[in-house]
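1. output the structure for:
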Amino acid sequence: MGARRNIVIVGGGTAGWLTAAYLAKALKTGLGAGEGGRVQITLLESPDIGIIGVGEGAFPTIRNTLRFLGVDEAQFIREASATFKQGIRFVDWEKEGTRYFHPFEAPFFTEEADIVGHWLTLDPATRPTFAEAVTIQNRVAEARRAPKRPHEDDFTGPLSYAYHFDAVKLSGVLADCARGLGVRHIEGRLVDVVLTPDGAVDHLVTEAGETFTADLFIDCSGFRAEIIGQALKAPFKSARPILFTDRAVTARVPRAPGEAIESLTVATAHAAGWTWDIGLNGVRGVGCVYSSAHMSD
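-> As a prediction, the model looks like this:
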């Protein structure tokens, strides 16, 4: 048997714990991750640095990821305060007073019936919206109905869907999953990244004096970029010339008792950017994305 390999992930949160859980699951099938296996995965996380996120949403591919990790869907919904997301309603993006829906369900198509082609031949002034014409998901979401029924198997249903979730709680779900797959969790503040003479990462040093060596280091430290930015000095590539929105403000808004939960994300355009409104169990996660050149802080 070959030497044991080590992977060290710096940073927790959704990115760090998802990376840890996914690698542990994938390598357990192949090389044997966890205790006694040929690969040991360690996640180094500072207890002093919080997780960014209020309410977040994902795309339908998240169902494949959760299924692969062996997560129970009902448990995930409970523990992450998750709700179904069937698409995005865009408000005021074309012009003020307009709205359209982007469904996650693909347009109905068979070799005998091409609804999309037929819709294109209709009079634009009188035809239904594209989402209304090619799938029932628009009506299901507007009625605040679920894309699946309780008796159906995990991560399956008549309509495609994703989730809204509390990012902090999702990190907890993923952390439990990763630890169950043998990932070692170390709490400590990273104070030094020691490089080899040729510029590669040799080892990490924590405030407590612990050192960590690995065959692979993964930086999930977010905006701090403790390895890739601060240590390796990888250049930051700004998208400012093509992406004008550079600020975001987030908040939690209490949900009134009995208030219906939207089964979609509401994205509303404004003069300097756009806002999101995400329905969770108990609260709404809202945020304003804007250009600092067109709106003051």
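
2. hang on, residue 168 in a helix?
-> Yes: under DSSP: H, G, I helix; E, B strand; the rest coil, residue 168 sits within a helix.

3. what about it, neighbour count?
-> Number of residues near residue 168 (other C-beta atoms under 10 Å) recorded here: 17. The way it works is simple: take the backbone N, C-alpha and C, and place the C-beta from them, glycine included.

4. all strands of the stretch 101-250 of the chain, in order?
-> Ranges of strands in the stretch 101-250 of the chain, per DSSP state E, counting those that start in this stretch, are 162-166, 184-187, 190-195, 201-206, 211-213, 216-219, 247-254.

5. out of those, nearest to residue 47?
-> strand 184-187 (4.9 Å; C-beta to C-beta).

6. check which residues of the closest one are buried.
-> Of the residues in strand 184-187, residue 184 count as buried by neighbour count, 16 or more other C-beta atoms under 10 Å.

7. and it, how far from the chain's centre?
-> Centroid separation for strand 184-187 versus its chain: 22 Å, with C-alpha atoms, centre = their mean, to the nearest Å.

8. counting by contacts, list what that strand packs against.
-> For strand 184-187, the helices and strands in contact under the criterion 3 or more C-beta pairs under 8 Å, 6 or more residues apart in numbering; DSSP states H and E are strand 39-45, helix 167-180.

9. most tightly packed of those?
-> Mean neighbour count (mean count of other C-beta atoms under 10 Å) peaks for strand 39-45 among the helices and strands packed on strand 184-187, with a mean of 23.

10. alpha carbons of that one, as PDB, please.
-> Extracted C-alpha coordinates of strand 39-45, given in PDB (Å, rounded to 0.1, in the frame of the first residue of the first chain):
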ATOM      1  CA  VAL A  39      -6.300   9.900   2.200                       C
ATOM      2  CA  GLN A  40      -6.800  12.100   5.200                       C
ATOM      3  CA  ILE A  41      -8.800  15.300   4.800                       C
ATOM      4  CA  THR A  42      -8.400  18.100   7.400                       C
ATOM      5  CA  LEU A  43     -10.400  21.200   7.500                       C
ATOM      6  CA  LEU A  44      -8.800  24.100   9.400                       C
ATOM      7  CA  GLU A  45     -11.300  26.800  10.500                       C
END
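
11. which one is residue 221 nearest to, not counting chain neighbours?
-> Closest residue to residue 221 apart from its sequence neighbours, by C-beta to C-beta, 6 or more residues apart in numbering: residue 11 at 3.8 Å.

12. now residue 184: how far from residue 24?
-> Distance of residue 184 to residue 24, computed by C-beta to C-beta, to the nearest Å: 10 Å.

13. okay, and the common contacts of the two?
-> Both residue 184 and residue 24 are contacted by residue 41, under the criterion C-beta atoms under 8 Å, 6 or more residues apart in numbering.

14. quick one on the thing from earlier: between the helices and strands packed on strand 184-187, which gets nearest to residue 92?
-> Ranking those by proximity to residue 92 (C-beta to C-beta) places helix 167-180 first, at 26.4 Å.

15. that closest one vs strand 39-45, what angle?
-> 150 degrees (axes from the mean of the first three to the mean of the last three C-alpha atoms, to 10 degrees).

16. what residues are up against the residue nearest to residue 186 when sequence neighbours are not counted?
-> Nearest non-adjacent residue to residue 186, counting by C-beta to C-beta, 6+ apart: residue 44, 5.0 Å away. Each residue near residue 44 by C-beta under 8 Å, 6+ apart is listed here: 8, 9, 10, 11, 186, 188, 190, 204, 206, 212.

17. on that earlier part again, closest one to residue 18 among the strands of the stretch 101-250 of the chain?
-> Taking these one by one with C-beta to C-beta, strand 216-219 is closest: 11.2 Å.

18. now do that closest one: which elements does it pack against?
-> Counting by 3+ C-beta pairs under 8 Å, 6+ apart, strand 216-219 packs on strand 5-10.

19. and the strand it packs on, which strands flank it?
-> Next to strand 5-10 in the sheet, as set by DSSP bridges, lie strand 39-45 (parallel), strand 216-219 (parallel).

20. mean pLDDT lowest for which of those strands?
-> Comparing mean pLDDT across those, the lowest value falls on strand 39-45: a mean of 95.

21. any idea how the protein splits into domains?
-> According to automatic domain parsing, the chain comprises the domains 5-76+166-231, 87-165+239-290.

22. mind checking the end-to-end distance for the first one?
-> If I follow you right, that is domain 5-76+166-231. 23 Å (C-alpha to C-alpha, to the nearest Å).
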